[in-house]
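K.L.:
sequence? don't have it. structure:
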Ligand SMILES: [Zn+2]
């Protein structure tokens, strides 16, 4: 097994995006609205850290204040954009005439393909906490698509649940990529089985775990390669982790 | 002939196709595009593009 990198929560890229000034056309919301974003990888021109892992280019841990804060309608091509809602309510609007509302444990996969626009808004009264993941597509300029699903925390307790990928109940994206989630009680060890040629990125949403002899706490992450069996030792109750498996 | 993808938004540039609607003729190599050129969709600088080897969806469909 080899550890490609360990990224501590505080070492991620950080963007503070108020809805006024330079961001006025980019960030929606009243004048006090702000989006904060912790990026695990390079994002746009904002940081110069780790360039992603495999086909994953963005892993953004974001908070939108209430009152209409969000991203105004803007265009994309090609990228497969996923949102995993951790808390609050996300309103997603896109150009295939979809207005959707997602709450805690809901997630979507928006494949921008041949081109589409979207807006991401918090019109709720609480902060919105959401993780955005962007993947390169298997094919360029595919038809635009949007699908959503929900992580069932009762059925998913103490087991690794595939959210995105070629598994029953998950949203497929047509390539060698999987996103899984684990919600676990303390003092349990879970085994994630991967294809040895793939890279594995584990991100601790809450709690703490030991993986590959490293202790990871809230919002820490670790990437591994060359391993087909990853042991995740959960140390505290309520641990919540996301696992991304990607071809390298 | 290579393809490049904007990491800001996913806009793709294909040397074979160029971008005639933005004044770049088909066959224009990436190195021939000025360094101060930016993504027409999101404004990301040329340096924020990455070379990709991904087929088009239309090519990947069985005939
Ligand atoms: Zn762009």
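P.N.:
Structure's in. What do you need? These figures come from a predicted structure and were not determined experimentally. Numbering: from 1, shown residues only, chains lettered A, B, ... in the order given.
K.L.:
tell me the contacts of residue 55?
P.N.:
In the absence of a named chain, this looks at chain A. When the contact criterion is C-beta atoms under 8 Å, 6 or more residues apart in numbering or on different chains, the partners of residue A:55 are A:135, A:136, A:175, A:177, A:246, A:247. No exception for glycine: its C-beta is placed from N, CA and C like everyone else's.
K.L.:
let's do chain B instead
P.N.:
By C-beta under 8 Å, 6+ apart, residue B:55 lies in contact with A:139, A:140.
K.L.:
near chain A, which residues of chain B are found?
P.N.:
Contact residues, chain B versus chain A (C-beta under 8 Å from any C-beta of the partner chain): B:3, B:5-12, B:41-42, B:44-45, B:48, B:52, B:54-60.
K.L.:
what residues are bridge-paired with the most centrally placed residue in chain B?
P.N.:
In chain B, the centroid-proximal residue (C-alpha atoms, centre = their mean) is residue B:13; its distance is 0.8 Å. Beta-bridge partners for residue B:13, by DSSP bridges, are residue B:4.
K.L.:
so it touches residue B:26, yeah?
P.N.:
No. Here residue B:13 does not reach residue B:26: they are 11.5 Å apart, not a contact under C-beta atoms under 8 Å.
K.L.:
where does chain B have low pLDDT?
P.N.:
Within chain B, the stretches with pLDDT under 70 are B:61-63.
K.L.:
check contacts around residue 33.
P.N.:
As the question left the chain open, I've gone with chain A. Contacts of residue A:33 by C-beta under 8 Å, 6+ apart are A:18, A:19, A:27, A:64, A:65, A:67, A:68, A:69.
K.L.:
meant chain B, my bad for not saying
P.N.:
Contacts of residue B:33 were listed using C-beta under 8 Å, 6+ apart, and they are B:13, B:24, B:46.
K.L.:
at 10 Å instead, please
P.N.:
By C-beta atoms under 10 Å, 6 or more residues apart in numbering or on different chains, the contact list for residue B:33 reads B:4, B:13, B:15, B:18, B:19, B:24, B:46, B:49.
K.L.:
most neighbours of all these, which one?
P.N.:
residue B:13 (24 neighbours; other C-beta atoms under 10 Å in any protein chain shown).
K.L.:
from chain A, how far off is that one?
P.N.:
Going from residue B:13 to chain A by C-beta to the nearest C-beta, to the nearest Å gives 11 Å.
K.L.:
my read: that residue touches residue B:46, true?
P.N.:
Yes. Shown here, residue B:13 and residue B:46 form a contact pair, counting by C-beta atoms under 10 Å, at 9.2 Å.
K.L.:
where do the contact lists of those two overlap?
P.N.:
By C-beta under 10 Å, 6+ apart, the residues touching both residue B:13 and residue B:46 are B:4, B:6, B:30, B:33, B:37, B:39.
K.L.:
which residue, other than its chain neighbours, is closest to the second one?
P.N.:
Read it as residue B:6. Spatial nearest neighbour of residue B:6, chain neighbours left out: residue B:39 (4.4 Å); criterion: C-beta to C-beta, 6 or more residues apart in numbering or on different chains.
K.L.:
so, low pLDDT: which residues of chain A?
P.N.:
Filtered on pLDDT under 70, chain A yields the residue ranges A:1, A:43-48.
K.L.:
where do the helices sit along it?
P.N.:
A:153-156 (DSSP state H).
K.L.:
one more: chain B?
P.N.:
B:57-60.
K.L.:
near the ion, which residues of it?
P.N.:
B:6, B:8, B:9, B:11, B:39, B:41, B:42, B:44 (C-beta under 5 Å from the ion).
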